[in-house]
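Novice: Structure of the sequence below:
(chains A and B)
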Number of protein chains: 2
Amino acid sequence: MSERRLKHWGWGYEDQAPSRDELVAAAAGIRERFGFGGEVEEPVALDEVELRAPRLKVPDAFGELFTEEHYERVAHGLGKAYRDVVRGFRGEFENPPDLVAFPRDESEIEVVLSWAEAEGAAVIPFGGGTSVVGGVEGRLGDRPFVSMDLRKLDRVLEVDAESLAARIQAGATGPGLEDQLREHGLTLRHFPQSFEYSTLGGWIATRAGGHFATLYTHIDDLVESVRAITPRGAWESRRLPGSGAGPSPDRALIGSEGILGVIADAWVRVRPRPEYKSSCGVEFDDFHAAARAIREISQSGLYPTNCRLLDALEAGTTGAGSGEKNLLVLGFESAQLPVEEPMRLALDIARTHGGTPGDPRTSGPTGRNRPPGEGFRPVGGESEDAVGAWRGAFLLAPYLRDTFVACGVLSETFETAITWDRFEEFHAETMEAVRAKVAEVCGVPAEGNGSPRVSCRFTHVYPDGPAPYFTVIAPAIRGGEVEQWDEIKAAASEAVIEGGGTITHHHAVGRDHRPWYDRQRPTPFAAALRAAKGELDPAGMLNPGVLLDP
Amino acid sequence: MSERRLKHWGWGYEDQAPSRDELVAAAAGIRERFGFGGEVEEPVALDEVELRAPRLKVPDAFGELFTEEHYERVAHGLGKAYRDVVRGFRGEFENPPDLVAFPRDESEIEVVLSWAEAEGAAVIPFGGGTSVVGGVEGRLGDRPFVSMDLRKLDRVLEVDAESLAARIQAGATGPGLEDQLREHGLTLRHFPQSFEYSTLGGWIATRAGGHFATLYTHIDDLVESVRAITPRGAWESRRLPGSGAGPSPDRALIGSEGILGVIADAWVRVRPRPEYKSSCGVEFDDFHAAARAIREISQSGLYPTNCRLLDALEAGTTGAGSGEKNLLVLGFESAQLPVEEPMRLALDIARTHGGTPGDPRTSGPTGRNRPPGEGFRPVGGESEDAVGAWRGAFLLAPYLRDTFVACGVLSETFETAITWDRFEEFHAETMEAVRAKVAEVCGVPAEGNGSPRVSCRFTHVYPDGPAPYFTVIAPAIRGGEVEQWDEIKAAASEAVIEGGGTITHHHAVGRDHRPWYDRQRPTPFAAALRAAKGELDPAGMLNPGVLLDP
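Specialist: Residues are numbered from 1 along each chain as shown, chains lettered A, B, ... in the order given. Below is the predicted model of the structure:
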């Protein structure tokens, strides 16, 4: 593809991998800090990875469109969950695509679909490949499949500066589309943790959550219209700011994870880059007092851009805090209006719940042509205060996970959403269930040095409840990491579903969440979705196994 | 049903009908003001209405559940569009339900569905019956049908004051649910024009638009979860503040107009009643300058509660203005925070576009236990200023329409939404097409005294575009009103669809919008919806003809 190549396993580019010396130093640091972790192991090199032979032949007529090249089949073989990174590290690519296709335009998407249908092959749409739920891994047994990589459709096609909307191709990555929007003084400001690599089409297919902690939490809220290619023709909604004409066709595609059609492009709502910003950390002794402060802020109509609560453990782990206090990271931003006043009001609320704010960092229009999204790149940006430290750690986390894997540390997350009335009990029971399972599975003490680290933060908040996000760090059972995590994840998912939460707030369902998703969704809705897919994709070729049985 | 009975045609209760003398005076006033309109005619009395004999017999086993009573069959025979009111006035009830059912709980909904399925009958869910798109009229030829009136399911079942949510039965009307929420100091604040009569289930089934001009424009945004009864069992989503687990099951039901299931109850997001309010009228010489001001306000992040633009003609007709100036009705409200500052900022924006604000009316916490929604009752409330005058006229409009019908005046509306970049041209072309068609059909001059009155307001605004709402007032062709309006409506719909708008922003599709809706929606989406319905309702019994062919 390009000169700079993504790692065939794990996160980031090949040239970003730490050296052997760096890893040895990291392993020692991890052991000292956490009380667990082992010696550095080496990943299986790309050319040592053994793949099943392709069961499809690159068609002569479309030679440029398909490839069976080793690197591409490996790099499209797994997503980016912990269980994927571990398997990639060990060279275990059990379900590589038989071919990888790189359509350059919509007609080539159609070619791939019709060729695959004739071959009886399945097609898995692939954006950034950052799925953490098995969304891009074809666990299809004997059925051959093509991974359809959409990253050559990477252009901002049209900009409507008056309505603040842009038509963008599905394969544009976060930085790619922000670079193009910047030329117009605009930004989408959708910054999931995977922002550097994931794509607009992937965000829409998986209902990705982004930058805004309130109001515009999901990509759902930023979509004005979608165009997708189905085996029954193009599905394109009108550009409308609002509508009441039947059930929303866009909402039917948003979250469809590729089973109804391949998203080709979308009109999304963009905005001028923020000129006014204010951020502030607020410390709380008590986690639930902080949660109550956030509840009041989320119900106040202030709509902070950032409103993220890190429990004391997580604040310590990320370096945003000492580890003694819970930290609320609060931020406001606006392109048009000063934000001191809403920040002041939000801090007043925080104080009434026992919060101790630091000094807000506030900036107004600078005149500089600072690129939008700059602060969200993993390298550079603000890092002097707690807010900056959190932000840096947020984007570095997936990189760090590769190091953890090499050093024998299990590190994974799960997330949900729950209404406020049930939150305290839900939080207690989920933490308890997961801590107990981690201690049991990992054979470590439940308390004290060397015990598992299970922490919680809020990624998004709503007037009716928060979206809690849990992080687990524990000693890995080397060679048995996948089973180890699967057992913990099952306990976590059970707690989430039994407690009334959603199996995913913004990581999608994919294949890994299926058993719990199937319990969560209304049965008649599942039947309706199955019928809809059967109608549009009678061959059942589009990403079989996610959301529905293959 | 109750002692106070709704009129069998038109709007409101029987005891609200104006007297003969009042109508004669109104007719004279209308002729003087508009230059058209005729003598007062009398509606066909209820006992003179001739109905087709019922083709279904009230089942012995469920005698209390069903009725074939004359009044009920008449009152459930038509919606509340102009074409419905005219037909009701003339006693033309061509498609009365064979039976009307009044389930009192969910099990009785199931009884009605299973009995009707066994009889080969269709079922049309009926809330307030305020559909203006033929949504409740069974134009089903020889197929017998039951109108299922849900208004006995009228309770607020649970209130979660912590998460600010309430579980409310589908048949609760606006005042009914607000009365029950008021006991908890809460309000839903969903105030469509039909608020007094329409129901929560109807709002959800039709994607009703409400009180908030920005952010929470549709009932869609207020729904936390929905429970519906389908022929394949109960469809109930979890109470979740946010989710990313597959396409939203709620969004599939919202706007489904009864074709997938009968909505039984829903958890909706409520709020404390606003303590701080500020409203202000802003006059503009130029309509499009006002639209640009609104565009800037809608993109500013200020999120006014009210942001409605009345063109000069509409401002004059409603008594909110002199008829010379365009009027922006701006309002902010909050339960927690003062609203002077956002009002000041919004007025600053309005001034930069040539707007002349009046004096804002601002009120803070009063200590009085003023009931929420009080100002939205048609009688009483604020009426001293332009904002109050508009609000009063807004709720009186459907009552006034009955008088117009009696006096030979055609009065009807249509609405859409369009992005800002296309708005000016869209507005010009739609106005031109409708004015020309009205002049042609009504045989009146296109300009000057006696010419048709076609006016425009914005009901809701988004960062990417407004929702324009058009009102037509013209001389009626007596006895030919339905054909007359249908011809105008076809021209309007053609202009809306050709211009890129939506056939409805918040009035639903029903039967009347079908030809244009079918052109608007993505073809594969229509196929998917048809398949979903076929799966859940294989007998095709649920409201056949809306959204899809019967």
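Novice: List of residues touching stretch A:425-437?
Specialist: Contact partners of stretch A:425-437, identified using C-beta atoms under 8 Å, 6 or more residues apart in numbering or on different chains, comprise A:288, A:418, A:446, A:452, A:454, A:456, A:468, A:470, A:472, A:487-488, A:491-492, A:494-496, A:499-501. (C-beta placed from N, C-alpha, C; glycine too.)
Novice: Buried residues, it. List them.
Specialist: Neighbour-count burial for stretch A:425-437 flags A:Phe426, A:His427, A:Thr430, A:Met431, A:Ala433, A:Val434, A:Arg435, A:Lys437 (criterion: 16 or more other C-beta atoms under 10 Å in any protein chain shown).
Novice: With secondary structure, distance to B:Gly261 and pLDDT added, can I get the residues you listed in a markdown table?
Specialist: Formatted as a markdown table, the buried residues of stretch A:425-437 follow (DSSP: H, G, I helix; E, B strand; the rest coil; distance: C-beta to C-beta, whole Å; pLDDT from 0 to 100):
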| residue | secondary structure | distance to B:Gly261 | pLDDT |
| --- | --- | --- | --- |
| A:Phe426 | helix | 29 | 98 |
| A:His427 | helix | 34 | 98 |
| A:Thr430 | helix | 32 | 98 |
| A:Met431 | helix | 38 | 97 |
| A:Ala433 | helix | 35 | 96 |
| A:Val434 | helix | 37 | 97 |
| A:Arg435 | helix | 41 | 95 |
| A:Lys437 | helix | 38 | 96 |
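Novice: Out of those residues, which comes closest to chain B?
Specialist: Distance to chain B, by C-beta to the nearest C-beta, is smallest for A:Phe426 among the buried residues of stretch A:425-437, at 11.9 Å.
Novice: Buried members of the contacts of stretch A:425-437 into ChimeraX, please.
Specialist: One line in ChimeraX is enough to select the buried members of these, burial here meaning 16+ other C-beta under 10 Å:
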select /A:418,452,454,456,468,470,472,487,488,491,492,494,495,496,499,500,501
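Novice: Mark which of the contacts of stretch A:425-437 are part of helices, please.
Specialist: Counting by DSSP state H, the contacts of stretch A:425-437 place A:His288, A:Glu487, A:Ile488, A:Ala491, A:Ala492, A:Glu494, A:Ala495, A:Val496 in helices.
Novice: just those now: which is nearest A:Lys533?
Specialist: Checking the ones in helices among the contacts of stretch A:425-437 against A:Lys533 by C-beta to C-beta gives A:Val496 as the nearest, at 25.9 Å.
Novice: hmm, which helix or strand of chain A has the shakiest average pLDDT?
Specialist: Scoring the helices and strands of chain A by mean pLDDT, DSSP states H and E places helix A:386-406 at the bottom, with a mean of 84.
Novice: List the strands paired with the very next helix or strand once past it, with their directions.
Specialist: Sequence order places strand A:409-415 as the next helix or strand after helix A:386-406, per DSSP states H and E. Sheet pairing for strand A:409-415, assigned by DSSP bridges, gives strand A:465-475 (antiparallel).
Novice: quick one on the thing from earlier: could you dump the buried residues of stretch A:425-437 into TSV and include distance to B:His507?
Specialist: Listed next are these as TSV, based on distance: C-beta to C-beta, whole Å:
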residue	distance to B:His507
A:Phe426	40
A:His427	43
A:Thr430	44
A:Met431	48
A:Ala433	48
A:Val434	49
A:Arg435	53
A:Lys437	52
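Novice: Closest one to B:Gly316 out of those residues, please.
Specialist: A:Phe426 (56.0 Å).
Novice: quick one: that closest one from B:Val268, how far?
Specialist: Per C-beta to C-beta, to the nearest Å, A:Phe426 is found 21 Å from B:Val268.
Novice: ok, now A:Leu150?
Specialist: With C-beta to C-beta as the criterion, A:Leu150 and B:Val268 are 38 Å apart.
Novice: What of A:Ser493?
Specialist: A:Ser493 is 28 Å from B:Val268, by C-beta to C-beta.
Novice: Could you do A:Gly210 as well?
Specialist: 26 Å.
Novice: low-confidence ranges in chain A?
Specialist: Scanning chain A for pLDDT under 70 picks out A:1-2, A:366-384.
Novice: burial count for A:Glu50?
Specialist: A:Glu50 sits with 9 neighbouring residues when counted by other C-beta atoms under 10 Å in any protein chain shown.
Novice: same thing with A:Arg33?
Specialist: Residues near A:Arg33, counting by other C-beta under 10 Å: 13.
Novice: buried sites along the helix or strand hosting it?
Specialist: Using DSSP H and E, A:Arg33 falls within helix A:20-34. Buried residues in helix A:20-34, counting neighbours by 16+ other C-beta under 10 Å, are found at A:Leu23, A:Ala26, A:Ala27, A:Ile30, A:Arg31, A:Phe34.
Novice: Could you do stretch A:205-219 as well?
Specialist: Neighbour counts over stretch A:205-219 (16+ other C-beta under 10 Å) mark A:205-214, A:216-219 as buried.
Novice: What of stretch A:231-248?
Specialist: A:231-232, A:234-248.
Novice: How about that stretch and chain B, touching?
Specialist: Yes. Under the criterion of C-beta under 8 Å from any C-beta of the partner chain, chain B is reached by stretch A:231-248 at A:232-248.
Novice: Name the SS class of A:Gly79, please.
Specialist: Here A:Gly79 is recorded as coil under DSSP: H, G, I helix; E, B strand; the rest coil.
Novice: ok, for it, nearest residue in space, not its chain neighbours?
Specialist: A:Ser131 (3.7 Å; C-beta to C-beta, 6 or more residues apart in numbering or on different chains).
Novice: tell me the contacts of the residue lying closest to A:Phe145 once chain neighbours are set aside?
Specialist: With C-beta to C-beta, 6+ apart as the measure, A:Ala122 is the residue that lies nearest to A:Phe145, at 3.9 Å, once sequence neighbours are left out. When contacts are counted by C-beta under 8 Å, 6+ apart, A:Ala122 touches A:Ala116, A:Gly138, A:Leu140, A:Arg143, A:Pro144, A:Phe145, A:Val146, A:Gly540, A:Met541, A:Leu542, A:Asn543, A:Pro544.
Novice: Those in strands, which ones?
Specialist: When DSSP state E is applied, the contacts of A:Ala122 are split such that A:Phe145, A:Val146 fall in strands.
Novice: Can I get the contacts of A:Ala122 in CSV including neighbour count?
Specialist: Converted to CSV, those look like this (neighbours: other C-beta atoms under 10 Å in any protein chain shown):
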residue, neighbour count
A:Ala116, 24
A:Gly138, 27
A:Leu140, 17
A:Arg143, 17
A:Pro144, 17
A:Phe145, 24
A:Val146, 27
A:Gly540, 16
A:Met541, 21
A:Leu542, 26
A:Asn543, 31
A:Pro544, 24
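Novice: Out of the contacts of A:Ala122, which is nearest to A:Lys277?
Specialist: A:Asn543 (39.3 Å).
Novice: Pull up the gap between the closest one and A:Arg143, please.
Specialist: Distance of A:Asn543 to A:Arg143, given as C-beta to C-beta: 12 Å.
Novice: same thing with A:Leu113?
Specialist: Taking C-beta to C-beta, one finds A:Leu113 at 15 Å from A:Arg143.
Novice: Also A:Pro538?
Specialist: Distance from A:Pro538 to A:Arg143, by C-beta to C-beta: 15 Å.
Novice: quick one, what contacts A:Leu328?
Specialist: A:281-284, A:290, A:293-294, A:307-310, A:350, A:355.
Novice: Mind doing that once more with 10 Å?
Specialist: A:280-284, A:290-291, A:293-294, A:297, A:304, A:306-310, A:315, A:346-347, A:350, A:353, A:355, A:357, A:386, A:458 (C-beta atoms under 10 Å, 6 or more residues apart in numbering or on different chains).
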